[in-house]
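Chemist: I'd like to go over a predicted model; first the sequence, then the structure.
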Amino acid sequence: MDDQNKNLILATALSFVVILIWFVLFPPPEPDVPLDAATDATTSTETASVPAAPATGTATAPADAAPDEATAELKEAPRVSIETPRLTGSISLVGGRIDDLKLKDYRTTRTDGAPIVTMLSPQGTNDAYYALQGWAAGNGIDPNAVPGPTTEWSLSGGATLALDQPVTLSWDNGAGQTFTRTITVDENYMFTLTQSITNDGDGAVTLSPYGMIVQHTEPDDLENFFILHEGAVAVANEELAETDWDDIAEADVNPEWGRQAIVTKDVSSGWVGFTDHFWQAILIPGAGQTFDQALTYDARGDIYRAITRLPTQTVAPGTSAEVTTQLFAGAKEWAILREYEAEGVVKFIDSIDWGWFSFLTKPIFWLLHELNKLIGNMGWAIIGLTLIIKAILFPLAYKSYVSMAKMKELQPQMEKLKEQAGDDRQKMQQGMMELYKKEKVNPAAGCLPILLQIPIFFSLYKVIFVTIELRHAPFFGPFQDLSAPDPTSIFNLFGLLPWAGPAPETFMALIFIGILPLLLGISMWLQQKLNPAPTDPTQQMIFAWMPWVFMFMLGSFASGLVVYWIANNTITFTQQYLIMRSQGYKPDLLGNIKGSFKRKPKAANDAKEPAKKGGK
C-alpha cells in the first residue's frame, strides 16, 4: 500500500471513528415537546428561602415563607395584564409574582394552530416557574412586616403592563413602612423592577432586597442531551458557571441558608438564573451593586431557586430607600442578548451554550447570522457559510490537491522502487522519502484538510443545535426546520406515496432515510471517483462502503448540518477536479465510475494465488 493511500485511509478512518463515537454518545434529540404548563395542582410548598437581613452586613438566617394555602390564594388573586408585541401574560398581585408569561413569536411545534410557548407559569401548575422580589427583614422590623411571596399588593398605577406603560404596586404594612414596586418592560424580554421603602415609623429599620426565580420540580421537558446544558447558569465577576439540576439537588447544606445551596458571595458584576434549550429566566442586579448569588434546593417541596441578595440597607425614620434590578424572561436570541451585553449585562451572550469550541462556534454563528440577514433564508446561508469556509481553507486545499496530483505522476516511479526493494521495507521507505524530497511532495498534505473539517463540523453541529435562530428555520419545500432531521423518507418515496414516513425518533427512520442523506452519500461517492480505486481489496471495500455508512449515520442529524456536508462535498469535488486538471492530471471520473460497477472474473483471482505461492 503506497503512502498516499495510507494517509488518506488514516484520515478517513479517523473522521469515521470520531463521527461514530459522536453519534453513539450524542444521539439525535427527541422532537419538540409542547411547553405549555398543565393545570394540575401541586402540593409543593415554598419554605424559607432568603436569609433575613441583620443590622449590618449581609443576611444570615432564613426568613421568607409561603404557607400551604398559597396555591389557593394565587388562584383567586387579582392580576395585572402583560401585553407587548412579543409577550402576553399577567402579574399576580399576591406576592407581586411575574408568573404567567407566554412568548408570542414562538410556537411549541410547526403544526398549524400549535399553542405559543409558555415561559413562566404559576404555582399550582405542572412545572411551576415564576419570579419573585421582596425584602428580607433585619433589625427594627418584624419579618411579617416586609412584603413576601404571599403579600397582596394594591395596584396604584397602570392597569396593564405594556411598552412605555409601567405598573406600580404598593403595600402598607400598618407599622409605618410603605413599600412600592414599579415594573416596566422593554420591546423584547427585559423587565425592570424598582423596589422602594418609605419609613414613616419611629425607628430605623434594616432590610435586604432580594430577587428569586423559583422552579417547582425538575422540568419535565428536559432534553437530557450531552451537548446541551440545562439547569442553572450564572456569571460572577466575569466567570461563567453552568450547574446541572442534579448538582444543585446534591449540593451540601449551607448553614447560613438552612438548606442545600451553592453560594457565591460579594459578586460585583454578574447575573444568575435557569436555562434550558431555547429559553431562560435570569436575575440581573443593577450595575455597581454588590450582591450574593445562591442556587438552592428544598427537598421537602422539590423546589429549586436562583437568588440574588443585595446588601442590607438601613432606612432612618422619615427617609426612603430604593433598589433597581432586572429580570430577563424569554428566548435566547443572539442579537438581543448581544444588545443587552452592550448595555452592561456582562457576558450575557455566554448564556447560550457555545461549548468547548466557543472560539469557533461564536464566529461561525456570527457569520451565519449575518449571511441569513443578507440572504433571508437560513438554508442558503449555511451554503454561503460553507463557501466562505472553503475559501478560507483554499490555500491549504490547493497545496493538498497539488500534492495529490504529483503523487499520481510519481506512481510509476514508486512502483519501480517497490520492485527494486522487494521485501526490504526499510529500503523501500528510504527510497520513497528520497523521491518525495526530490520531487518536493508531502504525502501527508492530503490529510490536513480532512482533519481540519472535524472541529469545524462539530462546531457547526453545536451552532445548529443550540441556537434558537435555527429552530423551525425553513429552507425550501419539505425542509421547514433545519434544526430537525430530514422529514422526507424512502418509505413513502419522499412524499409521492399516500402514507407518512417513519417518525423521526424511531429506528425505522434511521433506515428509511430522506433526500438530503441520500444526496450526502452520492456526493461523497462522486468525490471518491476522482481517483481510481485502490488495488488492495481491503482498501477497495473500505472506500466502497464509506459513503453509504456516512449516509445512514448522518441521516438523523439536523437537516442544516447535512446541507452543510453536501455543500462541502460538492465544493471539494469541484476544487479537487480543477486543481488536478491544472497540474496536468486529468481525473478519469467516468472511467472510475464504470470501474466501480465491474467485477473481476473469479477465475482471474483464483489464478493469482498459485503464482504467489510459487514465487515464495
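Modeler: That came in fine, so what should we check first?
Chemist: Hmm, residue 410 is touching residue 441, no?
Modeler: Yes. Using Cβ atoms under 8 Å, residue 410 makes contact with residue 441 at a distance of 6.6 Å. In this view, the C-beta of every residue, glycine as well, is placed from N, C-alpha and C.
Chemist: what sits in contact with each of the two?
Modeler: residue 435 (Cβ atoms under 8 Å, 6 or more residues apart in numbering).
Chemist: residues near residue 275, how many?
Modeler: Look at residue 275: counted by other Cβ atoms under 10 Å, it has 21 neighbours.
Chemist: Surely it and residue 222 touch.
Modeler: No. Checked against Cβ under 8 Å, the pair residue 275 and residue 222 is beyond contact range at 11.4 Å.
Chemist: who touches both of those two?
Modeler: With Cβ under 8 Å, 6+ apart as the test, residue 275 and residue 222 both reach residue 230.
Chemist: Now name the helix or strand holding residue 81.
Modeler: strand 79-83 (DSSP states H and E).
Chemist: residues in contact with the nearest residue to residue 261 once chain neighbours are set aside?
Modeler: Excluding its sequence neighbours, the residue lying closest to residue 261 (Cβ to Cβ, 6 or more residues apart in numbering) is residue 254, at 3.8 Å. By Cβ under 8 Å, 6+ apart, the contact set of residue 254 is 260-261, 263, 294, 296.
Chemist: Would you state the strands of the stretch 201-350 of the chain in chain order?
Modeler: 205-216, 231-236, 239-244, 253-254, 259-267, 270-275, 279-285, 291-298, 303-309, 313-315, 320-331 (DSSP state E, counting those that start in this stretch).
Chemist: about what we covered before: for the contacts of residue 254, pick the one with the most neighbours.
Modeler: That'd be residue 294 among these, by other Cβ under 10 Å, with 27 neighbours.
Chemist: Just the pLDDT for that one.
Modeler: According to the prediction, residue 294 has pLDDT 96.
Chemist: what does residue 547 give?
Modeler: At residue 547, pLDDT is 83.
Chemist: Give me the most central residue, the chain.
Modeler: Closest residue to the average C-alpha location of the chain: residue 466 at 2.2 Å, with Cα atoms, centre = their mean.
Chemist: If we ignore the residues flanking it in sequence, what's nearest it?
Modeler: Residue nearest to residue 466 in three dimensions, not counting chain neighbours: residue 353, with 5.2 Å by Cβ to Cβ, 6+ apart.
Chemist: Give me the neighbour count for that neighbour.
Modeler: Residues near residue 353, counting by other Cβ under 10 Å: 20.
Chemist: got a list of what it touches?
Modeler: 228-229, 242, 275, 466.
Chemist: In three-state terms, label it for me.
Modeler: Of the three states, residue 353 takes coil under DSSP: H, G, I helix; E, B strand; the rest coil.
Chemist: Could you pull up phi and psi at it?
Modeler: Main-chain dihedrals, residue 353, degrees, to the nearest 10: phi -80, psi 90.
Chemist: rewinding a little: partner strands of the strand holding residue 81, with direction?
Modeler: Strands that pair with strand 79-83, judged by DSSP bridges, come out as strand 87-92 (antiparallel), strand 160-161 (parallel).
Chemist: wait, residue 403 sits on residue 441?
Modeler: Yes. Using Cβ under 8 Å, residue 403 is in contact with residue 441, at 5.6 Å.
Chemist: C-alpha coordinates for the strand holding residue 81, CSV please?
Modeler: Extracted in CSV, the C-alpha atoms of strand 79-83 (Å, rounded to 0.1, in the frame of the first residue of the first chain):
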residue,chain,number,x,y,z
ARG,A,79,-53.9,40.1,38.2
VAL,A,80,-52.4,42.8,36.1
SER,A,81,-52.1,42.0,32.4
ILE,A,82,-48.9,42.0,30.4
GLU,A,83,-49.2,42.9,26.7
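Chemist: Okay, buried residues for that strand please.
Modeler: Residues 79-80, 82 are the ones in strand 79-83 that count as buried (16 or more other Cβ atoms under 10 Å).
Chemist: Equivalent analysis for stretch 260-275, please.
Modeler: 260-264, 267, 269-275.
Chemist: Which of the residues you listed sits closest to residue 340?
Modeler: Nearest to residue 340 out of the buried residues of stretch 260-275 is residue 271 (Cβ to Cβ; 9.9 Å).
Chemist: and the gap between the residue nearest to that closest one when sequence neighbours are not counted and residue 211?
Modeler: Leaving aside its sequence neighbours, residue 271 sits nearest to residue 284 (Cβ to Cβ, 6+ apart; 4.4 Å). From residue 284 over to residue 211 the distance is 9 Å, taken as Cβ to Cβ, to the nearest Å.
Chemist: what's the answer for residue 151, then?
Modeler: Applying Cβ to Cβ to residue 151 and residue 211 gives a distance of 15 Å.
Chemist: of these two, who's got more company?
Modeler: Comparing residue 151 with residue 211 by other Cβ under 10 Å, the one with more neighbours is residue 211, at 26 against 19.
Chemist: which ones are touching the more buried one?
Modeler: Residue 211 neighbours (Cβ under 8 Å, 6+ apart): 131-133, 193, 283, 285, 307-308, 325, 327.
Chemist: One more pass at 6 Å, please.
Modeler: Residue 211 makes contact with 133, 283, 308, 325, according to Cβ atoms under 6 Å, 6 or more residues apart in numbering.
Chemist: and which of these is nearest residue 516?
Modeler: residue 283 (41.8 Å).
Chemist: what about the closest one, how many neighbours?
Modeler: Residue 283: 27 neighbours (other Cβ under 10 Å).
Chemist: Doesn't residue 461 lie inside a helix?
Modeler: Yes. With three-state DSSP as the criterion, residue 461 is assigned to a helix.
Chemist: Give me the nearest residue to it, chain neighbours excluded.
Modeler: Using Cβ to Cβ, 6+ apart, the nearest residue to residue 461 is residue 561, at 5.4 Å.
Chemist: I'd assumed residue 464 was in contact with the one you found.
Modeler: Yes. Residue 561 lies in contact with residue 464 (Cβ atoms under 6 Å); the separation is 5.4 Å.
Chemist: the more surrounded of those two?
Modeler: residue 464 (27 against 24).
Chemist: What's the separation between the more buried one and residue 370?
Modeler: Taking Cβ to Cβ, one finds residue 464 at 16 Å from residue 370.
Chemist: for residue 551, same thing?
Modeler: Distance from residue 551 to residue 370, by Cβ to Cβ: 31 Å.
Chemist: out of those two, which sits in the more crowded spot?
Modeler: residue 551 (21 against 13).
Chemist: Mind putting the contacts of residue 211 into TSV with distance to residue 89 and pLDDT?
Modeler: Output for these, formatted as TSV (distance: Cβ to Cβ, whole Å; pLDDT from 0 to 100):
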residue	distance to residue 89	pLDDT
133	16	93
283	18	98
308	22	96
325	19	96
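Chemist: In terms of distance to residue 457, which of the residues you listed ranks first?
Modeler: Closest to residue 457, out of all of these and judged by Cβ to Cβ, is residue 283, at 36.5 Å.
Chemist: ok, the closest one touching residue 308?
Modeler: Yes. With contact defined as Cβ under 6 Å, residue 283 and residue 308 form a contacting pair (4.7 Å).
Chemist: picking up where we left off before, helix, strand or coil for the residue nearest to residue 461?
Modeler: helix.
Chemist: how near is it to residue 126?
Modeler: 33 Å.
Chemist: Next: residue 200.
Modeler: Counting by Cβ to Cβ, the gap from residue 200 to residue 126 is 43 Å.
Chemist: Likewise for residue 241?
Modeler: 28 Å.
Chemist: Repeat that for residue 149.
Modeler: Taken as Cβ to Cβ, the span from residue 149 to residue 126 is 19 Å.
Chemist: what about those two, which has more around it?
Modeler: Between residue 149 and residue 126, residue 149 has the larger neighbour count (other Cβ under 10 Å), namely 25 against 17.
Chemist: correct me, but that one touches residue 95?
Modeler: Yes. Between residue 149 and residue 95 there is a contact under Cβ under 6 Å: 4.4 Å.
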